[in-house]
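Colleague: Predicted model and sequence below, questions to follow.
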Amino acid sequence: MLEMNHSFNISILASGSTGNSLYLETAEKKVLVDAGLSGKKITSLLAEVDRKPEDLDAILVTHEHRDHIHGVGVLARKYKVPVYANEKTWEAMAPLIGNIADEQKFIFDMGKCLTLGDMDIVSFGVSHDAAAPQFYRFNKGDRSFVMLTDTGYASDHLRGTIRDADAYLVESNHDLEMLRMGPYPWSLKQRILGDRGHLSNEDGAIVMTDIIGDHTKRVYLGHLSKENNLKELAHMTMEETLMRYDLGVNHQFHVYDTDPDSATELFAI
């Protein structure tokens, strides 16, 4: 149950290049954002935080890449969960997730606000090589949570949209030197490093220096590459950068890691 002075309970069920999924609940609604692992794996990840897929009220989809939609179809069909995505993402992912009943399909346009029970969800576009990728800011009362991964850069407009949330999931995809020296072909390295690729540890940290505000208490590092990053490197880069900008790391707010195979503890904001 939610504590009386909190708006959200959240667990980052999985985050990484092999699969992504996030669970968020209020007093009225339980939501999954992306389902980039098998239905069975997501069910077990939910169980780690004592939650069940049959209680979900919605699945929100950010974009159609496999590491974000792998289990969407299975979960939607098995538990009759409504699925929300923008029109271009629906078109791109429809052949990949199998049939979903029309009454479970909902359009959530980019740049719009969706009211779901007692929360407002603002969608915003990001720069990534997908049909129409969008992420979300969840608002309830004076509390908010922001997801920002799978983007090659963060524009000034985007930064304004996501500034001063209570908690963030922000991309720390790769260490630049590990990527440059690693085994990926040059074409893939160029894709990752480009404006429609992924934020590096350094890039993600610089974005955070511009958007952390007085409300911010938690920063979670997400979508780490298995081949081109280490948790310790990502964490160190984020903390050192925030310290360099004289931000209140480790007293005003804290930096947390995520994992591709296990859920974070359920945290409240």
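Modeller: Okay, I see it. Residues are numbered from 1 along each chain as shown.
Colleague: Quick test: name the residue nearest the centre of this structure.
Modeller: Nearest to the geometric centre of the chain sits residue 147, at 4.2 Å (Cα atoms, centre = their mean).
Colleague: ok, that one touching residue 126?
Modeller: No: counting by Cβ atoms under 8 Å, residue 147 stays clear of residue 126, with 9.8 Å between them. Every C-beta, even on glycine, is put in place using the N, C-alpha and C of the backbone.
Colleague: Quickly list what's touching both of these two.
Modeller: residue 135 (Cβ atoms under 8 Å, 6 or more residues apart in numbering).
Colleague: quick revisit: output the strand or helix carrying the residue nearest to the centre of the chain as CSV, nothing but the C-alphas.
Modeller: Per DSSP states H and E: residue 147 is located in strand 143-148. Taking only C-alpha atoms (Å, rounded to 0.1, in the frame of the first residue of the first chain), the coordinates of strand 143-148 have been written out as CSV:
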residue,chain,number,x,y,z
ARG,A,143,5.2,14.8,-7.1
SER,A,144,6.6,13.6,-10.4
PHE,A,145,8.7,10.9,-12.0
VAL,A,146,10.5,11.1,-15.3
MET,A,147,11.8,8.4,-17.7
LEU,A,148,14.5,9.4,-20.2
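Colleague: Following it in sequence, what is the next regular element?
Modeller: Per DSSP H and E, strand 143-148 leads on to helix 156-162 as the next helix or strand towards the C-terminus.
Colleague: which residues sit against that following helix?
Modeller: So helix 156-162 is in contact with 122, 124, 125, 126, 137, 146, 148, 168, 207, 210, 211, going by Cβ under 8 Å, 6+ apart.
Colleague: Give me the buried subset of those.
Modeller: 122, 124, 125, 126, 137, 146, 148, 168, 207, 211 (16 or more other Cβ atoms under 10 Å).
Colleague: any idea which of these is the one closest to residue 192?
Modeller: Relative to residue 192, the closest of the buried ones among the contacts of helix 156-162 is residue 126; by Cβ to Cβ it sits at 14.7 Å.
Colleague: okay but that closest one is in contact with residue 132, surely?
Modeller: No: counting by Cβ under 8 Å, residue 126 sits too far from residue 132 to count as a contact (9.8 Å).
Colleague: quick one: contacts for the nearest residue to residue 8 once chain neighbours are set aside?
Modeller: Leaving aside its chain neighbours, residue 8 sits nearest to residue 269 (5.1 Å; criterion: Cβ to Cβ, 6 or more residues apart in numbering). By Cβ under 8 Å, 6+ apart, the residues touching residue 269 are 6, 7, 8, 10, 143, 144, 145, 166, 167, 217, 218.
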